[in-house]
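1. no letters, just coordinates:
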């Protein structure tokens, strides 16, 4: 399992929140810290990602140096 | 750009606000003043300089000074000091003050992020510190910065700088593509325009004054003046908060560092300002 996953809401086949819910049901799925990075910026959508287990959330578009700050916020740096 | 025009702008910023503007940074001066020149109906900053020389229009002079003073800021800039404020400073003051208000001043708040960061902490402490009355004040030299601060409206780029996502959801409402602080947080902050090198004797007392990243933008003699004026507004147990890399002891004897707390100072009881 990776230590961190940068995940979008919108993906082909399965969206990011469904992916995260499934990941958390895997035997070692609690491990990875998940940071969402998505054009979805409505509060309800963000809340859904956090409720599913995301540690932080980056809204696109964003400044380049935000990723480091958000990873630190998620306890990854 | 005409060097004489640059000298004029630099001299005005120094005389009015104690600002140290490097005349070699012509790009910075241009980027700050070109939009102002356009807004005021001038073809460019050369015409703005000509107008300033022709009639010493106070409003126009202040517009120039304010544009040069505009600082950059983030929510919860340098997280550690906000953690200290939340976990140590606020509970201690709540115990000492009882039902009397705890007055906290962000004295050069630019577009308001520092004052609102303090307001969010105060709001989150409501249930933890029953009876504590926290009053947050935000001031800046720039009317334009204060207008933005007062609106409580920030872009997506601004709210992503320093603000954890849960605090964003808790304290902001989404307004089209921007984010606005909730009325509860906005109502916690009182705003006013203050020139730190002006007369501050009528300001009253503050329990905690945040004055971060301000001194470096000021000309050396003004740094001392500002620190001594601010120290005079602190009660004996009040705190002055500078940036973590900023120091007061090389500038004035009026303040003493709090051991183990970078950038945090108390008044030096032995200090008497020179008459």
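-> Yes, it's here. Given the structure is predicted, the values throughout are model-derived calculations rather than measurements.
2. so for the residue in chain A positioned nearest to chain B, what's the pLDDT?
-> Residue nearest to chain B within chain A: residue A:57 (4.3 Å; CB to the nearest CB). C-beta: built from backbone N, CA, C; applies to glycine. Per-residue pLDDT puts residue A:57 at 97.
3. my guess is it is in a strand, correct?
-> Yes: under DSSP: H, G, I helix; E, B strand; the rest coil, residue A:57 sits within a strand.
4. who does it form a beta bridge with?
-> residue A:36 (DSSP bridges).
5. give the burial count for it, as a bare number.
-> Per other CB atoms under 10 Å in any protein chain shown, the neighbour tally for residue A:57 reads 28.
6. how about it, what does it touch?
-> Residues near residue A:57 by CB atoms under 8 Å, 6 or more residues apart in numbering or on different chains: A:35-38, A:46, A:49-50, A:70, B:165.
7. can you tell me which of these lies nearest to residue B:208?
-> Distance to residue B:208 across the contacts of residue A:57 (CB to CB) is lowest for residue B:165, with 27.3 Å.
8. for chain B, just list every one of the strands.
-> Counting by DSSP state E, the segments of chain B that form strands are B:101-106, B:133-140, B:153-154, B:172-175, B:178-181, B:189-193, B:208-210, B:239-241, B:255-257, B:264-267.
9. in the chain, which spans are helices?
-> All of this refers to chain A. Ranges of helices within chain A are A:16-25, A:43-52, A:66-73, based on DSSP state H.
10. my bad, the chain I had in mind was chain B
-> B:3-17, B:26-39, B:45-54, B:58-69, B:79-84, B:90-97, B:113-124, B:143-151, B:156-160, B:165-171, B:183-186, B:220-231.
11. got these as a markdown table, with mean neighbour count columns?
-> A markdown table is the format used below for the helices of chain B (neighbours: other CB atoms under 10 Å in any protein chain shown):
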| stretch | mean neighbour count |
| --- | --- |
| helix B:3-17 | 18 |
| helix B:26-39 | 15 |
| helix B:45-54 | 16 |
| helix B:58-69 | 19 |
| helix B:79-84 | 17 |
| helix B:90-97 | 16 |
| helix B:113-124 | 24 |
| helix B:143-151 | 18 |
| helix B:156-160 | 19 |
| helix B:165-171 | 19 |
| helix B:183-186 | 16 |
| helix B:220-231 | 19 |
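12. any chance of JSON lines for the contacts of residue A:57, columns distance to residue B:271?
-> Converted to JSON lines, the contacts of residue A:57 look like this (distance: CB to CB, whole Å):
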{"residue": "A:35", "distance to residue B:271": "49"}
{"residue": "A:36", "distance to residue B:271": "52"}
{"residue": "A:37", "distance to residue B:271": "52"}
{"residue": "A:38", "distance to residue B:271": "54"}
{"residue": "A:46", "distance to residue B:271": "50"}
{"residue": "A:49", "distance to residue B:271": "53"}
{"residue": "A:50", "distance to residue B:271": "50"}
{"residue": "A:70", "distance to residue B:271": "44"}
{"residue": "B:165", "distance to residue B:271": "44"}
